[in-house]
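[1] Need the 3D shape of this:
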Amino acid sequence: MKKGNISIFVPHLGCPQQCSFCNQKTITGKEKQPTPDDVRQAVETALKRKEYEYEIAFFGGSFTAIDRDYMKSLLEAASEYVKSKKVGGIRISTRPDFIDEEILALLKEYGVTSIELGAQSMDDEVLSANLRGHTSKDVENASELIKENGFELGLQMMTGLYKDTDEKAIETAKKLIKLSPKTVRIYPTVVLKNTYLADLFEKEIYIPQNVDDAAELCTKLLPMFEEAGIKVIRLGLHASEDIKRNMVAGAYHDSFGEIVESRKMLNKILEYPPASYEILVNPRSVSKLKGNQKRNIYFLIEEGYNIKITQNDKIAVDEIKIIK
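    Modelled structure (predicted):
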């Protein structure tokens, strides 16, 4: 059975920083803080579907920084389902500077199994410029503590932040790989209204990535994690009407992950000189190979390639085999 999250959003509550990119109410689409009853209702609703082996996931980015009694009340509601084995565990998302031995002992007591840290960058200049309030060393220390205490470690990084570059993002990926997380999420920066980045963008101080720039960078980042045995569980923000209404610039697309996979396939073909080729591809990946509105096909034709696509279910999904 596939694994799935029962997501509970705790937007911005408790976070000591207003990071350059952050407008949590827009990102999550939530303004109301969840109650323990909201947790129970979300879990009961999910369990009726019986589609996945579920984890309860508290997202929002600063879970261990919220009021301690409130945090315990949410965890207590969630832990009922861990103890009864109706869910496999609890996943939380938090800041690296709000992790210590005491909080980890508390999380373990309530059945938390996975902790994701919002690292965003491992470049201290980028972290400072984006008002993160922590350093790369904080990420390293928190990551080691999490693993030493038996939790699954997840890390999140962003691309295209103020003062960031492709070269710095690649260095960030290398440093995150050294921390040996189980999972990684990669979020290209989206500039939202009422944020510091929006002010910098309007003043023409900050030039954000567009979708093409971010996708090209992610075609370099994704294989780095995959080759290290680290699963990238998310590329790009979840589809959201709130984000579409409130974004002013940046690398947002409903199908960003598919765009990256499509670009990876295109780049593999471009490693060969222009000529006639047969491309073997899994039937499930044909649309990715062709690209949005057959963009890859038209580009290859313009570059002098003659491509024949053959579907073959023995080829792994999102992989291709090139035959001349």
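[2] Phi first, then psi, for the closest residue to I233 other than its chain neighbours.
    Nearest residue to I233 in three dimensions, chain neighbours excluded: T183, at 4.7 Å (CB to CB, 6 or more residues apart in numbering). C-beta here means a position set from N, CA and C on the backbone, and glycine is covered the same way. With angles defined as degrees, to the nearest 10, T183 sits at phi -140, psi 160.
[3] what is T183 paired to in the beta sheet?
    G154, K231 (DSSP bridges).
[4] gap between the most centrally placed residue in the chain and V10?
    Nearest to the geometric centre of the chain sits R185, at 2.7 Å (CA atoms, centre = their mean). Note on R185: its distance to V10, by CB to CB, to the nearest Å, is 17 Å.
[5] Could you do P34 as well?
    P34 is 6 Å from V10, where distance means CB to CB.
[6] Now the common contact residues for those two.
    Here P34 and V10 have L74 as joint contacts, going by CB atoms under 8 Å, 6 or more residues apart in numbering.
[7] neighbour-wise, which of those two wins?
    V10 (26 against 20; other CB atoms under 10 Å).
[8] residues contacting that one?
    With CB under 8 Å, 6+ apart, V10 has these contacts: 33-34, 58-60, 62-63, 66, 74.
[9] What about D164, how many residues nearby?
    Residues contacting D164 under the criterion other CB under 10 Å number 22.
[10] can you pull out the strands in the protein?
    Per DSSP state E, the chain carries strands over the ranges 3-9, 53-59, 90-94, 112-120, 152-159, 183-188, 190-192, 231-235, 247-250, 276-281, 306-311, 320-323.
[11] Quick check, pLDDT for the residue nearest to the residue nearest to the centre of the chain when sequence neighbours are not counted.
    Spatial nearest neighbour of R185, excluding adjacent residues (CB to CB, 6+ apart): R234 at 4.0 Å. R234 carries a pLDDT value of 94.
[12] okay but R234 is in contact with I186, surely?
    Yes - R234 lies in contact with I186 (CB atoms under 8 Å); the separation is 7.0 Å.
[13] Looking at these two, which is more packed in?
    Each of R234 and I186 has its neighbours counted (other CB under 10 Å); I186 has more, 26 against 15.
[14] residues contacting the more buried one?
    By CB under 8 Å, 6+ apart, the contact list for I186 reads 156-159, 218, 221-222, 232, 234-236.
[15] How about N306?
    Contact analysis of N306 by CB under 8 Å, 6+ apart lists 275-277.
[16] By neighbour count, which of the residues you listed wins?
    Neighbour counts for those, by other CB under 10 Å, peak at Y277, which reaches 17 neighbours.
[17] any idea how far I323 is from that residue?
    Distance of Y277 to I323, computed by CB to CB: 7 Å.
[18] for stretch 72-83, which positions count as buried?
    For stretch 72-83, a neighbour-count test (16 or more other CB atoms under 10 Å) marks 72, 74-75, 77-79, 81-82 as buried.
[19] Next, please give the residue ranges for the helices of this protein.
    24-28, 36-49, 68-83, 101-109, 124-129, 136-148, 166-178, 196-202, 211-227, 241-246, 256-270, 286-290, 295-302 (DSSP state H).
[20] can I get the CA coordinates of the last one in PDB?
    Right, the one you point to is helix 295-302. Extracted as PDB, the C-alpha positions of helix 295-302 are listed here (Å, rounded to 0.1, in the frame of the first residue of the first chain):
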ATOM      1  CA  ARG A 295       7.600  21.700 -26.600                       C
ATOM      2  CA  ASN A 296      10.500  19.300 -26.500                       C
ATOM      3  CA  ILE A 297       9.600  17.800 -29.800                       C
ATOM      4  CA  TYR A 298       9.400  21.100 -31.600                       C
ATOM      5  CA  PHE A 299      12.700  22.200 -30.000                       C
ATOM      6  CA  LEU A 300      14.500  19.000 -31.100                       C
ATOM      7  CA  ILE A 301      13.200  19.500 -34.700                       C
ATOM      8  CA  GLU A 302      14.500  23.100 -34.700                       C
END
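[21] Identify each buried residue in it, please.
    Residues of helix 295-302 classed as buried by neighbour count (16+ other CB under 10 Å): 296-297, 300.
[22] Can you get me the start-to-end distance on stretch 279-297?
    12 Å (CA to CA, to the nearest Å).
[23] Can you give me the neighbour number for Q17?
    Residues lying near Q17 (other CB under 10 Å) number 17.
[24] I'd guessed it sits against L131; true?
    Yes - using CB under 8 Å, Q17 is in contact with L131, at 6.0 Å.
[25] Just the closest of the buried residues of stretch 72-83 to V191, please.
    L74 (30.7 Å; CB to CB).
[26] what bridges to T159?
    Taking DSSP bridges as the rule, T159 bridges to P188.
[27] just checking, it touches C218?
    Yes - here T159 reaches C218: they are 7.1 Å apart, a contact under CB under 8 Å.
[28] give me every residue that touches the residue nearest to I233.
    T183 sits next to 116, 152-155, 230-233 when contact means CB under 8 Å, 6+ apart.
[29] farthest pair in these?
    Among the contacts of T183, E152 and V232 lie farthest apart (CB to CB), at 15.0 Å.
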